[in-house]
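Engineer: Give me a model of this one.
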Amino acid sequence: QVQVVESGGGLVQAGGSLRLSCAASGRAFSSYAMGWFRQAPGKEREFVAAISRSGSETDYSDSVKGRFTISRDNAKNTVYLQMNSLKPEDTAVYYCGARPVVHMLVVVTASYEYDFWGQGTQVTVSS
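Structural biologist: This next block holds a predicted model:
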């Protein structure tokens, strides 16, 4: 089992940048595929980005592709989401998810497939 805690959210102007972090406790962090999702008020949780156990495989939603970058440091038990060129529509609570997987290259993009979630971190982008 793993626990994850997100941090790094805040208020930023449109065009600005933020880096979110998701720190995982417990053993075998490298056994988990990781993902970032977000939920805006009145909307369903949506996929943002995901990364494989090895970190070599990534996937992004079309709305953030080219602006956001997901990465992980297995030695630090942490996954990151670098967000550049932020837009007001990026405003949401951002959640980190973890799912144990066998294969090193699997990327998980469906929220229902994740077993563990953090409490979320608020990102607000002003226009």
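Engineer: okay, how far is it across stretch 69-89, tip to tip?
Structural biologist: 17 Å (C-alpha to C-alpha, to the nearest Å).
Engineer: Quick check: buried residues in it?
Structural biologist: Across stretch 69-89, burial judged by 16 or more other C-beta atoms under 10 Å covers 69-70, 72, 74, 77-81, 83, 86. Backbone N, C-alpha and C define where each C-beta goes, glycine included.
Engineer: gap between that stretch and the chain center?
Structural biologist: In terms of C-alpha atoms, centre = their mean, to the nearest Å, the gap separating the centre of stretch 69-89 from the centre of its chain is 6 Å.
Engineer: hmm, who's touching it?
Structural biologist: Contact with stretch 69-89 is made by 12, 14-25, 29-30, 34, 36, 48-51, 55, 58, 60, 63-64, 67-68, 90, 94, 96, 123, 125-127, as judged by C-beta atoms under 8 Å, 6 or more residues apart in numbering.
Engineer: Go again with 6 Å.
Structural biologist: Residues from elsewhere that reach stretch 69-89 (C-beta atoms under 6 Å, 6 or more residues apart in numbering): 12, 14, 16-24, 29-30, 34, 36, 49, 51, 55, 58, 67-68, 125, 127.
Engineer: what bridges to the most centrally placed residue in the chain?
Structural biologist: Against the mean C-alpha coordinate of the chain, by C-alpha atoms, centre = their mean, the closest residue is residue 36 at 2.2 Å. Counting by DSSP bridges, residue 36 is bridged to residue 49, residue 96.
Engineer: Many thanks, have a good one.
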